[in-house]
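A.B. asks: coords please:
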Amino acid sequence: MTAVDNTTSPSTAGVWRQRLDAEMARTGQWPERSPWIRPAVAALPRDLFAPGRLWDWDGHAWQPVDRDTAPERWLELLYSHPSRPAVTQIADDLPSSSLSAPAVVVDMLDSLLLEPGHRVLELGTGTAWNAALLAHRAGPGQVTSIEVDPGLAAAAAARLRAAGLDVRVREGDGGSGLPDGALFDRVIATYAVERIPWTWIEQTAPGGRLVVPWGRLGHVALTVADDHKSATGWLQGLAQFMPDRTTTVGIPVRGFTDLRRSAPPGPEERTDRDPAELEDWDLLFHLRVALPDVRVETAVDEDGVSAWIHDGVSSWATLSSTPDGVFVHQGGPRRLADEIGAAGDEWAGLGRPEVYDYGMTATPHEQWVWFGDPDTGPRWPASA
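C.D. replies: Below is the predicted model:
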């Protein structure tokens, strides 16, 4: 469904738009460094680029919410909170595409340092809202966007035409970039990668900038070196992103329940560690850096926070809060609770840093995350 098919009441949509604008202003989420973003969002509102069907989690399953039959709920899913993404596609009972949260879109655009006349390559067109905002700033004919899903690509191109925007939408695998050899001043991805494709850096001009979600937990802004042999820059913020579809297909990842069943636990142990620490996003980011294959989930009940940890391959651990204290159970060849504890101690030893204290460097053959200083700070290899 294209923008011209929008049957939502303009007055009702306007109220929701104004609420979100005011909330972002109240919480300081309109960036002073990029004053163009706020009027661009007003000129190209989010609902004009959303499909007619969104999806809402009811606690048990994903349920469709259609603009024609539930317009108010549809608008609520788009505008209820700056940090709320809107799920736009479901595949195999899981979200496969989304309209990123407004605050995340704005933060990434601010990180891009986009100027009029810049040539821009976007990886992951999705609904085309981000492409529209890029084109509003860069100008006609300056933005090329690649989308792997043929249906999404066609719908996105139609929305952009309906909005009067000159954006080139290409169908294909964004991991390969644009194979015609063009160089871009700015490159931005809307989905997460475990390792930044070197082709993206190759297709960014020396001195150009890339903004890329890394590891589904944050985004990084890299500047390409003048000799075009490396790119480096700081992490910019925390958010969770959809993964790259093409490089994650077929990778077997075993769930916690499967691992728990196949690897019996060793002796129960008591620990002084508080699982509530694992709800700290800055610690979680360090764990992502230090233990890239380890997944952590937490939940709260009347006894406190408990944690479920696994590596998707062979090992698992739990930290369970009880009235008698916190107990650890671990199974498999790795002692994941111990590894998490050691990484937490490392983070504390660094001064409990925020995500903004880390950066990344990429070369044709290596990628690593560093802390504090790209040359002298501690570093960890990025995922292969």
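A.B. asks: give me the nearest residue to residue 19, chain neighbours excluded.
C.D. replies: Nearest residue to residue 19 in three dimensions, chain neighbours excluded: residue 79, at 6.4 Å (CB to CB, 6 or more residues apart in numbering). Just so you know, the C-beta spots here come from the backbone N, C-alpha and C atoms, and that holds for glycine as well.
A.B. asks: what is the helix or strand containing residue 361 packed up against?
C.D. replies: Using DSSP states H and E, residue 361 falls within strand 358-362. If contacts are counted by 3 or more CB pairs under 8 Å, 6 or more residues apart in numbering; DSSP states H and E, strand 358-362 sits against strand 218-224, strand 231-238, strand 367-371.
A.B. asks: please redo it, this time with the cut-off set to 10 Å
C.D. replies: helix 198-202, strand 204-214, strand 218-224, strand 231-238, helix 281-290, strand 367-371, strand 379-381 (3 or more CB pairs under 10 Å, 6 or more residues apart in numbering; DSSP states H and E).
A.B. asks: quick one: average pLDDT of it?
C.D. replies: Averaged across strand 358-362, pLDDT comes to 96.
A.B. asks: who does that strand pair up with?
C.D. replies: strand 231-238 (antiparallel), strand 367-371 (antiparallel) (DSSP bridges).
A.B. asks: tell me the angle of that strand relative to strand 204-214?
C.D. replies: Here strand 358-362 runs at an angle of 130 degrees relative to strand 204-214 (axes from the mean of the first three to the mean of the last three CA atoms, to 10 degrees).
A.B. asks: pick the most deeply packed of the helices and strands packed on strand 358-362.
C.D. replies: Counting by mean count of other CB atoms under 10 Å, strand 218-224 has the highest mean neighbour count of these, with a mean of 23.
A.B. asks: what strands flank that one, and is each parallel or antiparallel?
C.D. replies: For strand 218-224, pairing defined by DSSP bridges yields strand 204-214 (antiparallel), strand 231-238 (antiparallel).
A.B. asks: of those, which shows the lowest average pLDDT?
C.D. replies: Looking at the strands paired with strand 218-224, the bottom one is strand 231-238 with a mean of 91.
A.B. asks: any idea how far it is from the middle of the chain?
C.D. replies: Counting by CA atoms, centre = their mean, to the nearest Å, strand 231-238 is centred 13 Å from the centre of its parent chain.
A.B. asks: how about low-confidence regions in the stretch 101-250 of the chain?
C.D. replies: Scanning the stretch 101-250 of the chain for pLDDT under 70 picks out 216, 240-250.
A.B. asks: let me see the ranges of the strands in it.
C.D. replies: Along the stretch 101-250 of the chain, the segments classed as strands by DSSP state E, counting those that start in this stretch run 120-123, 143-147, 167-171, 184-189, 204-214, 218-224, 231-238.
A.B. asks: circling back to that earlier point, in TSV, list the strands paired with strand 358-362 along with distance to residue 160.
C.D. replies: What follows is the strands paired with strand 358-362, written out as TSV (distance: least, CB to CB, whole Å):
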stretch	distance to residue 160
strand 231-238	26
strand 367-371	33
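A.B. asks: out of these, flag the one nearest residue 39.
C.D. replies: strand 231-238 (22.0 Å; CB to CB).
A.B. asks: put the alpha carbons of the closest one into CSV.
C.D. replies: Only the C-alpha atoms of strand 231-238 are listed here, as CSV (Å, rounded to 0.1, in the frame of the first residue of the first chain):
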residue,chain,number,x,y,z
ALA,A,231,37.7,3.1,8.7
THR,A,232,37.4,4.0,12.4
GLY,A,233,35.0,5.8,14.7
TRP,A,234,33.0,5.8,17.9
LEU,A,235,29.9,3.9,19.0
GLN,A,236,26.9,6.2,18.9
GLY,A,237,24.1,4.7,20.9
LEU,A,238,22.2,1.7,22.1
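A.B. asks: any chance of the strands of the stretch 101-250 of the chain in a markdown table with distance to residue 348 as columns?
C.D. replies: What follows is these, written out as a markdown table (distance: least, CB to CB, whole Å):
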| stretch | distance to residue 348 |
| --- | --- |
| strand 120-123 | 36 |
| strand 143-147 | 42 |
| strand 167-171 | 46 |
| strand 184-189 | 32 |
| strand 204-214 | 23 |
| strand 218-224 | 20 |
| strand 231-238 | 19 |
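A.B. asks: what's the closest of these to residue 198?
C.D. replies: Comparing the strands of the stretch 101-250 of the chain under CB to CB, the one sitting nearest is strand 231-238, at 9.2 Å.
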